[in-house]
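1. Need a 3D model of the sequence below.
(one chain, ligands or ions: 2)
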Amino acid sequence: MPKCLICESSFAPFISFGQMPIANGFLRPEERAEEYFFQMEVGFCERCGMVQLTEQPAREKMFHENYAFYSSTSRYMAQHFEKFAKDVQEKYTSSSDPFVVEIGSNDGIMLTHFAQQKMRHLGIEPSKNVAKVALEKGINTISEFFDEALAEKIVRENGQADAVLSANVMCHIPYLHSVAKGIKRLLKPKGVFQFEDPYLADIVEKTSYDQIYDEHYFYFSLQSVSHLFAMHGLELVDVAPQVTHGGSMRYTIAHQGAYTPSPAVTEFRAKEKAHGLHLPATYDRLRQNIERSRAELVDLLKRLRQEGKRIVGYGATSKSTTITNYCGITPDLVEFISDTTPIKQGKLSPGAHIPVRPYTEFSTNYPDYALLFAWNHAQEIMAKEEGFRLAGGKWITYVPQVSTFE
Ligand code: DWN
Ligand code: SAH
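-> Ligands and ions are numbered 1, 2, ... in the order given. Here you go, the predicted model:
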């Protein structure tokens, strides 16, 4: 039986997705023979409440000099991180020469707002290509994986930090004990660690199982997060739900006793109990919902194809790798996937080998249906796709339910 990476208890997986490729491993046709797969299973640790994969590919297979996700591809996300940065500046950077660290800073989408203020900052970003984009924007960035040893080095060279930030990164790191020790070392006595990640309650409620893929080792709740950090003398002092990535939670962590926990912590803990996030039965139900969602999506796509409709994917997201591989969606069902990211274009989607094409191929020859793989950006996308709607195009979504809309 696999062991929980947080509390070392044994747990049984509640679902297996079978063999999955690297979610962001877009490939050239000639690379098909060497494509890497791993067994993707997810389990719930009854002891500490952590939902987690049982296996993950080596980090260098996922995060490297050709990492395919560039944060700045969404304008909405750029605004989100600007607000995040402003909030941190207002609340936590009043010391004489504040220092802010971001873990997994990607192309600098958030740190740019600290660089513009000429505030001391440091981005830690192991994927060299996206780190290079940040460096070119004048954002201090080192291309390393964050862990305890790196935190020690940062403190030696820069002193401790007023704020350590991280968005959609903590859930990617299996060695979280080393990370938590690093945070403990890095924070000033009144310093805060603020991070956000997709929230387990949203995944369960919306059956958004496409959040499950190689990079996302953990699926956090207040219960699992507070337990983990308490093991290292750190305390969960605030939480704030976010609409990003289909429902996320921002957690504020500080040294034990440094701040009084906010009422939101008590409120969301109670909500988690009411939703049964601490009960194995919740995950049995999630598995059933996932299986039903898959059957409905495959039926819909097959029916539309039998009617002669053209279907194109919208957004070659990491999430779409889970959907296409688990549902067996290949180019006979989805002709191609449109994506604005140059590094993905002209390649094949991981595992399912659906061609990824530039956005112009979508906009100059609208399909009958667009399968919205980037459903988390629906608001931004609907606003710019009025033309598709006016041309009679329809959307297919699978979150929270399989359905079509105009
Ligand atoms: O956690 C993670 C999050 C932050 O980002 C990473 N593990 C990887 C990545 O996940 P994702 O690939 O599911 O993220 P997105 O933001 O849902 O990806 C959107 C994709 O859609 C990008 O490839 C860009 C593309 N896109 C597009 O073609 N047209 C996006 C928008 C908004 C558009 O209008
Ligand atoms: N923060 C950005 C990027 C999220 S994608 C956003 O929210 O849009 C996840 C990022 O984490 C990738 O850029 C990846 O290279 C980085 N990453 C993965 N493991 C890491 C680690 N151990 N330390 C720091 N960054 C890491």
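
2. Not counting residues beside it along the chain, what's closest to Phe362?
-> Computed as CB to CB, 6 or more residues apart in numbering, the closest residue to Phe362 that is not its neighbour in sequence is Ser338, at 3.7 Å. In this view, the C-beta of every residue, glycine as well, is placed from N, C-alpha and C.

3. Show the contacting residues for that neighbour.
-> Counting by CB atoms under 8 Å, 6 or more residues apart in numbering, Ser338 makes contact with 312-316, 356-359, 361-362, 370.

4. what's the burial count for the nearest residue to Tyr175 once chain neighbours are set aside?
-> Using CB to CB, 6+ apart and skipping residues adjacent in sequence, the residue nearest Tyr175 is Asp147, 6.3 Å away. Asp147 has 18 neighbouring residues, counting by other CB atoms under 10 Å.

5. Please tell me the pLDDT value assigned to Asp147.
-> On pLDDT, Asp147 comes in at 98.

6. mind checking the SS state of Lys319?
-> Secondary structure state of Lys319, per DSSP: H, G, I helix; E, B strand; the rest coil, is helix.

7. So the closest residue to it other than its chain neighbours, which state does it fall into?
-> Leaving out its chain neighbours, the residue that sits closest to Lys319 by CB to CB, 6+ apart is Asp210, at 3.6 Å. Secondary structure state of Asp210, per three-state DSSP, is helix.

8. Make 37 the starting number, not 1.
-> That works, and once the first residue is 37, the last one we named lands at Asp246.

9. where's the nearest residue to Ala294 once chain neighbours are set aside, which helix or strand?
-> Closest residue to Ala294 apart from its sequence neighbours, by CB to CB, 6+ apart: Lys226 at 5.7 Å. Taking DSSP states H and E as the definition, one finds Lys226 inside strand 223-234.

10. In the helix or strand following that strand, which of the residues would be classed as buried?
-> Heading C-terminal from strand 223-234, the first helix or strand you meet, by DSSP H and E, is helix 236-242. For helix 236-242, a neighbour-count test (16 or more other CB atoms under 10 Å) marks 236-240, 242 as buried.

11. Helix 236-242 and ligand 1 in contact?
-> No. Judged by CB under 6 Å from any ligand atom, helix 236-242 stays clear of ligand 1, getting no closer than 12.8 Å.

12. Output the contacting helices and strands for that helix.
-> Secondary-structure packing of helix 236-242 (3 or more CB pairs under 8 Å, 6 or more residues apart in numbering; DSSP states H and E): helix 299-311, helix 316-342.

13. Those into CSV, with extra columns for distance to ligand 1?
-> Compiled in CSV, those are given as follows (distance: least, CB to the nearest ligand atom, whole Å):
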stretch, distance to ligand 1
helix 299-311, 21
helix 316-342, 17
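
14. can you list those in a markdown table and add distance to Glu91?
-> A markdown table is the format used below for the helices and strands packed on helix 236-242 (distance: least, CB to CB, whole Å):
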| stretch | distance to Glu91 |
| --- | --- |
| helix 299-311 | 26 |
| helix 316-342 | 18 |
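
15. Which residues are in contact with the residue in the stretch 137-286 of the chain positioned nearest to ligand 2?
-> Of all residues in the stretch 137-286 of the chain, Gly140 sits closest to ligand 2, at 3.0 Å by CB to the nearest ligand atom. By CB under 8 Å, 6+ apart, Gly140 lies in contact with 160-161, 182, 202-205, 208.

16. hmm, 6 Å instead?
-> 202, 205 (CB atoms under 6 Å, 6 or more residues apart in numbering).

17. State the distance from it to Phe120.
-> 14 Å (CB to CB, to the nearest Å).

18. Repeat that for Glu303.
-> In terms of CB to CB, Glu303 sits 21 Å off from Phe120.

19. For the helix or strand containing Ala114, name the packing helices and strands.
-> Using DSSP H and E, Ala114 sits in helix 111-128. Helix 111-128 is packed against strand 197-203, with contacts defined by 3 or more CB pairs under 6 Å, 6 or more residues apart in numbering; DSSP states H and E.

20. picking up where we left off before, for the helices and strands packed on helix 236-242, could you give me JSON lines that also reports mean neighbour count and mean pLDDT?
-> Shown next, in JSON lines, are those (neighbours: other CB atoms under 10 Å; pLDDT from 0 to 100):
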{"stretch": "helix 299-311", "mean neighbour count": "14", "mean pLDDT": "98"}
{"stretch": "helix 316-342", "mean neighbour count": "16", "mean pLDDT": "98"}
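
21. Need the three-state assignment for Tyr287.
-> Classification of Tyr287 by three-state DSSP places it in strand.

22. now it, which residues is it bridged with?
-> On the basis of DSSP bridges, Tyr287 takes part in beta bridges with Phe231, Val275.

23. unless I'm mixing things up, the residue nearest to Lys355 is touching Ile359, no?
-> Yes. Judged on CB atoms under 6 Å, Asp246 makes contact with Ile359 at a distance of 5.1 Å.

24. any idea how far Pro403 is from the residue of the stretch 137-286 of the chain closest to ligand 2?
-> Distance of Gly140 to Pro403, given as CB to CB: 34 Å.

25. residues in the protein within reach of ligand 1, list them.
-> Listed as neighbours of ligand 1 in the chain under the rule CB under 6 Å from any ligand atom: 105, 109-110, 204, 251, 351-355, 375-377, 395, 410, 412-413, 416-417.

26. Tell me the pLDDT of the residue of the stretch 337-442 of the chain found nearest ligand 2.
-> Residue of the stretch 337-442 of the chain nearest ligand 2, by CB to the nearest ligand atom: Ser354 (8.6 Å). Looking at Ser354, its pLDDT reads 98.
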